[in-house]
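Asker: got a predicted structure here, sequence first:
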Amino acid sequence: MNRRIINCIGTIKELNVKELNESGCGVELQDFVEPNLSEENVKRLTEDYKYRLQELKGIKSLHGPFLDLKPASPDKEIRRVSQIKYRRTLEIAHELDVQYVIFHSQINPYLNQAFLRELNNKQAAAFWNAMMDVTPYTGEVVIENVFEESPYMLRELIDAIHHDRISINLDIGHSNLGYSSLKEWIHVLGDRISYMHIHGNSGFEDQHKVPSDEKITSILEILDQEGIDPVLALEYKINNIKEEARRYRRPITKSK
């Protein structure tokens, strides 16, 4: 299968459009997660990317800021600042014509009382539906699991938002730090998943290690079993994107 592969880059210095085009891959831009970028920094970085991405043939995505942000916070000042930063990110995404924008779910799994979950989901749904009505951005927003230990709170959040341009970015590395298996995550979230961050770890730290061939085979088998084909964003250090992409596009030998 010709899987849709994306190379995640931390800075514009890592962008190599020629290599991406030769490998048939796209790119995820992660510079904009920096919380202290000035308006001047943002403008210059956006213009630089806009110029350099003109020749890119593959998918473009952009990771939004996340540190200390919560656009559905009950604290109106936290909510105000968060919403400003989210809105600015979507404006940048519009200018760069990216297909996907990634935001963290901002779910605290330990605040799991039913009324708190319902309140958070209600406020998030109100925020996102209002935001998608006014933003110039016309692509897809994908919400990423971070601290959740199982897929159920994220499923509740996405179902509450219930917007046709908002889905899930399943981060494999983050899910591995919880107690649910990858198979359970993918089965429970199903076709709500349109995007995936791929990286590995020991199960104790978010290490962004290179996944083994066996791990890649397992991921792809589960996706095929569930009948979904999300974008696969490789979120670890890659020396040769063309060779790395082949590991995901090779014929899969069924594990026993």
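Answerer: On my side now, so go ahead.

Asker: dump the residue contacts of Y137.
Answerer: With C-beta atoms under 8 Å, 6 or more residues apart in numbering as the criterion, the residues that contact Y137 are L90, E91, A93, H94, V101. (Glycine included, C-beta is placed from N, CA and C.)

Asker: find the residue ranges of the chain scoring beneath the pLDDT cut-off.
Answerer: Flagging of the chain using pLDDT under 70 yields the residue ranges 1, 253-256.

Asker: residue ranges of the strands in it, please?
Answerer: Taking DSSP state E as the test, the strands found in the chain are 5-9, 26-29, 60-63, 100-104, 140-144, 166-171, 193-198, 231-234.

Asker: for R155, find the nearest of these.
Answerer: Nearest to R155, of all these, is strand 166-171, at 8.3 Å by C-beta to C-beta.

Asker: what does the closest one rub up against?
Answerer: 100, 102, 128, 132, 140-146, 154, 158, 185-186, 189, 192-197, 199, 230, 233, 235.

Asker: picking that back up, so for D48, which of the strands of the chain sits nearest?
Answerer: Evaluated over those, closeness to D48 peaks at strand 26-29, with 10.8 Å, by C-beta to C-beta.

Asker: the spatially closest residue to V146 that is not a sequence neighbour: neighbour count?
Answerer: Setting aside the residues directly before and after it, V146 is nearest to H104 in space (C-beta to C-beta, 6 or more residues apart in numbering), at 5.0 Å. Residues lying near H104 (other C-beta atoms under 10 Å) number 21.

Asker: wait, H104 touches F66, no?
Answerer: Yes. In terms of C-beta atoms under 8 Å, H104 counts as a neighbour of F66; the distance is 4.2 Å.
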